[in-house]
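Trainee: Structure for this input, please:
(one chain, ligands or ions: 1)
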Amino acid sequence: MSSTIQKIAIIGGGVAGASTALILARYGYDVTLYEARDSLVSGPPFCHLHAGGNLYPDISDEQCLDLLKQSIDFAKLYPFIVDYRPTLIALPDTCERSVSDLLPRLKRLQSRYRELIEADPANALLGDPKHYFRLYDRKRLEALSALPTPDQPHTFDEWLIAPAKMLDLDKLQLPLILVQEYGLNLFLLASALELSLKQFPNLALHLKTRAKEVKQEDGSWSLTSDDGVAHYDYLINACGYQTGEIDDMIGIKDRRLVEFKAAYVTQCPELTAFPEIIFHGKRGTPQGMGQFTPYPQGHFQLHGMTKEITLFEEGLAQSSSTSAQPRLKPHLLHKLNRGWRWKTVEERSKRAISHLARFIPAFQSAKPAAKPLYGAQQIPGDNPDLRVAEVSFPTDNYARCEIVKVSSVLDMIKAILADLGVEQSDLLKPLKVDEKEVEAYAKEIAQQRGYPPQMASLLIPKQLQCKE
Ligand SMILES: Cc1cc2nc3c(=O)[nH]c(=O)nc-3n(C[C@H](O)[C@H](O)[C@H](O)COP(=O)(O)OP(=O)(O)OC[C@H]3O[C@@H](n4cnc5c(N)ncnc54)[C@H](O)[C@@H]3O)c2cc1C
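Mentor: Next up is the predicted model:
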């Protein structure tokens with residue numbers, strides 16, 4: 001630990017702030033975490049571990065390779081929140097890309113994954129690299145469609161039986177691609193972080209406590225919150241889409257974007273044993289990418305990258321010359337602060353269901369099951385396609401976290417430790433938890449937030465991960 005810096009304040013208890021608090025507390029710092037809401041990890045949702053960025057054909061190969069490495073690190077720290085079911089990538093016949101356009105990147109990712117395992121066998125979290133991706137042509141799919149649907153798939157082929165029976169293959173380019181990108185469970189992470197952070201004697205967790213004013217005075221930080229004034233040696237801004245508000249308090253002018261998005265919670269008990277499925281399509285058009293994410297007991301989380309489903313009219317805001325904080329339109333702020341009308345939930349959820357039912361006709365019988373999982377996401381700079389970002393240090397003893405994908409937190413924390421002058425060791429030591437206790441509390445958190453408690457469980461824990 002650096003001798004001059006002892007007391008650290010972190011504002012914001014999302015994945016970024018709470019994970020940083022965990023690691024800094026492990027390193028022995030005196031940490032105070034301020035979170036305005038009543039529980040941790042309650043900002044925008046996440047359901048997908050982007051181990052290769054295969055959802056985003058438009059981003060660079062370099063960002064995809066970074067996401068692969070960062071995702072493996074993230075899964076090392078939090079193995080018990082990873083849902084070890086694979087993802088099926090399907091290109092609709094209307095898609096301007098073809099499967100052969102995707103193959104060079106998949107092969108690069110596969111060979112990078114192999115190199116990562118050669119460098120450290122503990123990186124083999126996505127299974128054997130020879131199965132990083134697999135192609136399924138019509139003949140193989142037709143053969144699989146003749147087999148009984150398993151209750152619980154144990155092999156890669158078994159994961160394809162339900163899709164082979166239920167997908168409208170005439171609307172898709174073949175082969176389909178099965179890739180080892182897994183799910184993430186945000187309720188399990190919220191639960192595990194709260195239970196774990198409360199154990200550290202050197203960490204003060206202030207829930208329901210908003211940081212209202214921050215000033216740098218005589219080389220230290222003065223922070224005024226609902227709990228009064230306190231002083232710190234180092235300040236970490238992990239306020240998510242509200243990062244610019246702290247920048248404004250300090251007088252730092254920087255550019256950033258904020259995007260409001262929503263994913264819909266539906267139920268369709270007839271559909272079982274499905275992997276996640278991505279139907280590629282151009283963002284912002286009626287054919288925008290569709291994402292079909294399975295949870296236990298027939299629950300599915302849906303994204304549709306059109307303005308009528310996941311994206312919103314004027315959903316992207318940018319900072320101005322007078323404020324580092326982008327201002328979302330009032331109708332979106334209303335959703336963030338006060339929630340949704342059920343009529344809007346139903347309308348948008350039904351559009352999401354129809355968007356996915358274009359390719360899975362039986363899914364048309366799905367029903368909206370809860371309010372959406374939604375939120376505003378920060379993107380530093382002015383490129384809305386940026387998917388890999390970590391942290392910056394615009395003034396002394398001030399770290400500003402701005403991750404776009406949750407898997408970037410470890411690189412973010414490594415940079416903060418370097419700024420603190422800490423020699424890093426054991427950074428990726430898994431968070432040890434009592435998984436039963438974590439799951440029970442995660443179910444409570446899901447219910448308190450208005451979501452089905454089944455969504456706080458994994459479909460496939462690590463011990464059931466496919467090997468062949
Ligand atoms: C619809 C949608 C789907 C997504 N899906 C994925 C996915 O599948 N995979 C993935 O990797 N990423 C996904 N993301 C992105 C992911 O949700 C974000 O990258 C991540 O949640 C950001 O975490 P964070 O900790 O930076 O911010 P947040 O989670 O927003 O945390 C910031 C916290 O700061 C608190 N706060 C703000 N101001 C103050 C203050 N003044 N005082 C005290 N507390 C304050 C807030 O209450 C909040 O809890 C998705 C985003 C959206 C919108």
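Trainee: beta partners for residue 205?
Mentor: residue 33 (DSSP bridges).
Trainee: separation between it and residue 95?
Mentor: Distance, residue 205 to residue 95, by Cβ to Cβ, to the nearest Å: 46 Å. (Glycine included, C-beta is placed from N, CA and C.)
Trainee: now swap in residue 373 and tell me
Mentor: For residue 373, the distance to residue 95 (Cβ to Cβ) stands at 26 Å.
Trainee: Just want to know which of these two has more residues nearby.
Mentor: A direct count of neighbours by other Cβ atoms under 10 Å for residue 373 and residue 95 places residue 373 higher, at 22 against 19.
Trainee: For that one, what are phi and psi?
Mentor: In terms of degrees, to the nearest 10, the main-chain angles of residue 373 are phi -90, psi 120.
Trainee: so it makes contact with residue 303?
Mentor: No: using Cβ atoms under 8 Å, residue 373 is not in contact with residue 303, being 9.6 Å away.
Trainee: Mind listing the shared neighbours of these two?
Mentor: Here residue 373 and residue 303 share the contacting residues residue 263, scored by Cβ atoms under 8 Å, 6 or more residues apart in numbering.
Trainee: quick one, what contacts whichever residue of the stretch 101-250 of the chain sits closest to the ligand?
Mentor: Nearest to the ligand, among the residues of the stretch 101-250 of the chain, is residue 240, at 2.2 Å (Cβ to the nearest ligand atom). Neighbour list for residue 240: 12, 14, 16, 43, 44, 375, 376, 377, 378 [criterion: Cβ under 8 Å, 6+ apart].
Trainee: mind redoing it with 6 Å?
Mentor: By Cβ atoms under 6 Å, 6 or more residues apart in numbering, the contact set of residue 240 is 12, 14, 43, 378.
Trainee: from the residues you listed, which is closest to residue 298?
Mentor: Ranked by distance to residue 298 (Cβ to Cβ), the contacts of residue 240 are led by residue 43 at 26.8 Å.
Trainee: Burial check on the residue lying closest to residue 126 once chain neighbours are set aside, number of neighbours?
Mentor: Leaving aside its chain neighbours, residue 126 sits nearest to residue 180 (4.1 Å; criterion: Cβ to Cβ, 6 or more residues apart in numbering). Each residue near residue 180 was counted by other Cβ under 10 Å, and the total is 27.
Trainee: Roughly how far does residue 180 sit from residue 117?
Mentor: 13 Å.
Trainee: Kindly report the residues of the stretch 1-150 of the chain close to the ligand.
Mentor: 11-17, 34-37, 42-48, 50 (Cβ under 6 Å from any ligand atom).
Trainee: Take the residues you listed and keep only those in strands.
Mentor: The members of those that map onto strands under DSSP state E are 11, 34.
Trainee: Give the ChimeraX command for selecting the buried subset of the residues of the stretch 1-150 of the chain next to the ligand.
Mentor: The ChimeraX selection below is limited to those of those classed as buried (16 or more other Cβ atoms under 10 Å):
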select :11,12,13,14,15,16,17,34,35,36,37,42,43,44,45,46,47,48,50
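Trainee: Name the surrounding residues that touch the top strand by length along the chain.
Mentor: As assigned by DSSP E, the longest strand anywhere in the chain is strand 256-267. Strand 256-267 is touched from outside by 241, 298-303, 310, 312, 315-319, 326, 328, 332, 349, 352-353, 366-370, 372-374, 376-380, 384, with contacts defined as Cβ under 6 Å, 6+ apart.
Trainee: where does the stretch 1-150 of the chain have low pLDDT?
Mentor: Per-residue confidence for the stretch 1-150 of the chain (pLDDT under 70) gives these ranges: 1-3.
Trainee: If we use 50, what do you get?
Mentor: Where the stretch 1-150 of the chain drops to pLDDT under 50, the residues are 1.
Trainee: Give me the pLDDT for the residue in the stretch 251-400 of the chain that the ligand sits nearest to.
Mentor: Proximity of the stretch 251-400 of the chain to the ligand (Cβ to the nearest ligand atom) peaks at residue 261, 3.8 Å away. Per-residue confidence (pLDDT) for residue 261: 98.
Trainee: So what sits opposite it in the bridge?
Mentor: For residue 261, the beta-bridge partners under DSSP bridges are residue 375.
Trainee: Check the burial of it by counting its neighbours.
Mentor: Applying other Cβ under 10 Å, I find that residue 261 has 20 neighbouring residues.
Trainee: Do a quick rundown of the strands in the stretch 51-200 of the chain.
Mentor: Taking DSSP state E, counting those that start in this stretch to define them, one finds strands in the stretch 51-200 of the chain at 82-83, 87-92, 133-136, 172-179, 183-184.
Trainee: Include distance to residue 228 when you put those into a markdown table, please.
Mentor: As requested, those are exported to a markdown table (distance: least, Cβ to Cβ, whole Å):
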| stretch | distance to residue 228 |
| --- | --- |
| strand 82-83 | 40 |
| strand 87-92 | 47 |
| strand 133-136 | 54 |
| strand 172-179 | 50 |
| strand 183-184 | 36 |
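Trainee: Reformat those strands as TSV; add mean neighbour count.
Mentor: Converted to TSV, the strands of the stretch 51-200 of the chain look like this (neighbours: other Cβ atoms under 10 Å):
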stretch	mean neighbour count
strand 82-83	24
strand 87-92	23
strand 133-136	20
strand 172-179	20
strand 183-184	24
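Trainee: show me the contacts for residue 87.
Mentor: Going by Cβ under 6 Å, 6+ apart, residue 87 touches 179, 181, 276.
Trainee: Helices of the protein, start to end?
Mentor: Here the chain has its helices, by DSSP state H, at 15-26, 61-77, 99-119, 138-145, 156-159, 161-166, 186-197, 243-250, 330-338, 342-357, 409-420, 435-448.
Trainee: how distant is the last one from the center of its chain?
Mentor: Pointing back at helix 435-448 there. Offset of helix 435-448 from its chain centre (Cα atoms, centre = their mean, to the nearest Å): 19 Å.
Trainee: is the ligand contacted by it?
Mentor: No: shown here: helix 435-448 not in contact with the ligand (Cβ under 6 Å from any ligand atom), separated by at least 13.2 Å.
Trainee: Could you tell me the angle between that helix and helix 186-197?
Mentor: Orientation of helix 435-448 against helix 186-197 (axes from the mean of the first three to the mean of the last three Cα atoms, to 10 degrees) gives an angle of 120 degrees.
Trainee: go on, the first one?
Mentor: Going by the same axes, to 10 degrees, helix 15-26 is angled at 30 degrees with respect to helix 186-197.
Trainee: Perfect, that will be all.
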